[in-house]
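Engineer: next comes the sequence, and after it the predicted model I'd like to discuss.
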Amino acid sequence: QLQLVESGGGLVQPGGSLRLSCAASGVSMAFYVIGWFRQAPGKEREGVSYISLSGSSTNYADAVKGRFTISRDDTKNTAYLQMTSLKPEDTAVYYCAAKQFGLRDWRDDDEYNNWGPGTQVTVSS
């Protein structure tokens, strides 16, 4: 059973950067596609980014394109979300999620069956 744990969240000023990590354990992450989601207070959880098994295909929500970069290192069983030019509206709990082999709609959180507990990101001056 794949287990996921996020880390790297915290408080950062607008314009700053953070790198989130999603560490997998239990089985190899290499057989799982990875998604990053976020949920702000009072809002629904939304898809932020996705990376394919090989890492050759990535997707981003329009709100984060050009600012966030998703990556994976299967030798370390870890996925990452590099976040730059952070804005107050990026404040949320960030979750990584995984699905074995593939999925149809990376933005659909029902597609994923492995989730981490989340890490808080707060962007504020």
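Structural biologist: Now that the structure is in, tell me what you want to look at.
Engineer: look up the pLDDT of the residue nearest the centre of the chain for me, please.
Structural biologist: The structure's the chain has its C-alpha centroid closest to Trp36; by Cα atoms, centre = their mean the separation is 2.4 Å. We note a pLDDT of 98 for Trp36 in this prediction.
Engineer: same question for the one 4 residues further on.
Structural biologist: At Ala40, the pLDDT value in this model is 97.
Engineer: residues contacting it?
Structural biologist: Going by Cβ atoms under 8 Å, 6 or more residues apart in numbering, Ala40 touches 89, 91-93. C-beta here means a position set from N, CA and C on the backbone, and glycine is covered the same way.
Engineer: go with 7 Å
Structural biologist: By Cβ atoms under 7 Å, 6 or more residues apart in numbering, the contact list for Ala40 reads 91-92.
Engineer: look up phi and psi at it.
Structural biologist: Here is the backbone geometry of Ala40 (degrees, to the nearest 10): phi -90, psi 160.
Engineer: run a quick neighbour tally on Gly66.
Structural biologist: Gly66 has 9 neighbours, counted by other Cβ atoms under 10 Å.
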